[in-house]
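# mind folding the following:
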Amino acid sequence: MSELPPRSVAIVTGASAGLGLAIASTFLKAGYNVVGVGRDSQRLAAAADLLQNAASIQSPVAGRFVPLVADVTVGESVEQLFAKIKLEFGRIDVLVNCVGRSDRGSIMTLTKDRLSELFSDNVLSALLCSQAALPLLKESRGVVVNIGSLAAKVGPRHLGGYPAVKHALAGMTQQMRLEWREFGVHVALVSPGPIRRADAGLRYNTQSTDPALPEAARQPGGGTSVRGVDPQWVAAQVLMVVKHRTPDLVLPRYVRLLIAIGHLIPRLGDRLLLRMTKG
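Numbering: from 1, shown residues only. Just a heads-up that it's a prediction; the model follows:
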């Protein structure tokens, strides 16, 4: 009897909840073995129970979900994480860097410490994990997907340091794609609009102490008129990005035209952003 080929392995950071959980679920049902990474062991364990049960019911080809606790903003923790992955699976085919943190506030009140925290969560985490995964990704000629945001393409009002760090992630992603193509490793950026969440953005009520912040800016997307996108739909698009090795995807797709217009005609771009954000 011939031996079955090994399953592909996907690493998803920020897999305990939200978009990361949806991405982990999508890859699991598609037949991948999925390593879900999170900082909170209890939330990660709950996600593991939910994912493995749902995958076994809904997909006959579902892979195995392995929860691993790590702080992906700390180099030593990342090294230990990928050493465990290498020992457990011996391969990595996909890395999805989904760890991130949003923000609310004005540039006038943005502090150095806050910007440093945002950079660590949104950019440094992706850098450390990508560097650690690279040796095994070279062997599989695999794919890295960095989860950006519409704020990686434009700089709306009231989002504090979020546009700055997401723009940094976008630039780093392109540089990685150009430098790592010689290894056969593809690097993509997926930039979704506001993700629909059960809390409807209530977490933003305490995220900023800026007294001048408009109430509308506490809503998902900073009060943008772009409708929220379903996390399961975004996760399905991430899977397609991996399959087709797409370099850059903006969701919803119609926003790409508005972004292009804004880059070609900056004055018009500013007017569009002012109209699309409240406050």
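# what are the bridge partners for Val66, then?
Val35 (DSSP bridges).
# from Val144, how far off is it?
Counting by C-beta to C-beta, to the nearest Å, the gap from Val66 to Val144 is 19 Å. From N, CA and C alone the C-beta is placed, and that goes for glycine too.
# what about the two, which has more around it?
A direct count of neighbours by other C-beta atoms under 10 Å for Val66 and Val144 places Val144 higher, at 26 against 18.
# what ranges do the helices span in the chain?
Secondary structure of the chain by DSSP state H: the helices cover 18-29, 41-58, 75-88, 112-119, 125-140, 162-180, 231-244, 255-264, 266-276.
# list the buried residues of the shortest one.
Going by neighbour count (16 or more other C-beta atoms under 10 Å), the buried part of helix 112-119 is 115, 117-119.
# let me have these in CSV, extended by pLDDT.
Formatted as CSV, those follow (pLDDT from 0 to 100):
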residue, pLDDT
Leu115, 98
Glu117, 98
Leu118, 98
Phe119, 98
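# shaky segments in this protein?
Segments of the chain classed as low confidence (criterion: pLDDT under 70) are 1-5, 56, 198-209, 211, 221-223, 225, 278-279.
# output stretch 151-163 as PDB, nothing but the C-alphas.
Output in PDB follows, covering the C-alpha atoms of stretch 151-163 (Å, rounded to 0.1, in the frame of the first residue of the first chain):
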ATOM      1  CA  ALA A 151      -5.300  51.900   5.900                       C
ATOM      2  CA  ALA A 152      -2.300  50.300   4.200                       C
ATOM      3  CA  LYS A 153      -3.300  52.100   1.000                       C
ATOM      4  CA  VAL A 154      -4.700  55.400   2.300                       C
ATOM      5  CA  GLY A 155      -4.400  57.600   5.400                       C
ATOM      6  CA  PRO A 156      -7.900  58.300   6.700                       C
ATOM      7  CA  ARG A 157      -8.700  60.600   9.600                       C
ATOM      8  CA  HIS A 158      -9.100  59.500  13.200                       C
ATOM      9  CA  LEU A 159      -7.100  56.200  13.000                       C
ATOM     10  CA  GLY A 160      -4.200  57.200  15.200                       C
ATOM     11  CA  GLY A 161      -1.000  55.400  14.300                       C
ATOM     12  CA  TYR A 162      -2.800  52.600  12.400                       C
ATOM     13  CA  PRO A 163      -2.200  54.000   8.900                       C
END
